[in-house]
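Q: Need coordinates for the below:
(one chain, ligands or ions: 1)
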Amino acid sequence: MISFSHVYKRYPGGYEALKDVTLTIAPGELVYITGHSGAGKTTLLKLVAAIERPTSGSIIVNGQNLAQLRRSAIPYLRRNLGLVFQDQKLLFDRSVFDNVMLPLEVSGFDRREAARRVRAALDKVGLLNREKALPITLSGGEQQRLAIARAVVGRPSILLADEPTGNLDTAYAHEILDVFAAFNRVGVTVLVATHDEAILRSHPGRVVTLKQGELVA
Ligand SMILES: Nc1ncnc2c1ncn2[C@@H]1O[C@H](COP(=O)(O)OP(=O)(O)OP(=O)(O)O)[C@@H](O)[C@H]1O
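A: All right, here's what the predicted structure looks like:
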């Protein structure tokens, strides 16, 4: 479960990106966070992942109060989170397979079990037949699906995606939302930040809207 209670986030310099946000997301929910540019969507996701800390208010993620979380506990929190963020670039000199393998390598997985999991993740996003390809040879939509495979290979209970359809054509954007819906159907809690409300019409889910840092719906 994810629970925000009266959360404020003020960045150094004084800008108040979130104001009095109270929100509960049940395990297994699929939630789209929408709103204008600068509304606070990215900030909300960063707070869930403890990339940023709230200025005040409490945030509970999987039973842990993030306001009190010690730095040393952050890796344990992140183990249950899959992140699809713009600043997490693919490694363009490594194969599709190796890009997805990387997070498992870092956490010291048995190589054979890791390879099995990598292929399972690639299969779920429809890229199993491209495992030897270099990311540069993939379409924009395929690259985004690769980023999702990398985010889910550790089998997180919560998947956070920031503008995952940002620079994709509508057809690719729908494909990406289909992938999230499929993960959600097997029980993963999914939060997707997007300013593109049009593509959501064909994808059911709860829609949460931010306006200048405040929840409006
Ligand atoms: N590290 C930071 N330092 C100072 N201000 C910040 C920082 N990060 C974000 N902001 C400001 O907080 C506000 C909310 O930003 P945020 O990225 O959460 O919005 P957003 O809804 O995701 O917007 P976009 O759709 O453009 O990505 C913006 O006005 C932004 O300039």
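Q: can you give me the helices in this protein?
A: Here the chain has its helices, by DSSP state H, at 41-48, 74-79, 96-106, 111-124, 140-152, 170-185.
Q: So which bits of this structure are right by the ligand?
A: 11, 13, 15, 17, 35, 37-43, 195 (C-beta under 6 Å from any ligand atom). (Glycine included, C-beta is placed from N, CA and C.)
Q: what's the closest of the residues you listed to residue 147?
A: Of all the residues of the chain next to the ligand, residue 147 sits closest to residue 42, with 15.9 Å by C-beta to C-beta.
Q: That closest one and residue 195 touch, don't they?
A: No: applying C-beta atoms under 8 Å, one finds residue 42 not in contact with residue 195, separated by 10.6 Å.
Q: between the two, who's got more neighbours?
A: residue 42 (19 against 15; other C-beta atoms under 10 Å).
Q: tally of neighbours for residue 194?
A: 23.
Q: Run through the bridge partners of the residue minimising distance to the centre of the chain.
A: Centroid-nearest residue in the chain, with C-alpha atoms, centre = their mean: residue 160, separated by 1.8 Å. Beta-bridge pairing for residue 160 (DSSP bridges): residue 83, residue 191.
Q: and it, what is it in contact with?
A: 45, 48-49, 81-85, 191 (C-beta atoms under 8 Å, 6 or more residues apart in numbering).
Q: Any of those residues buried? List them.
A: 45, 48-49, 81-85, 191 (16 or more other C-beta atoms under 10 Å).
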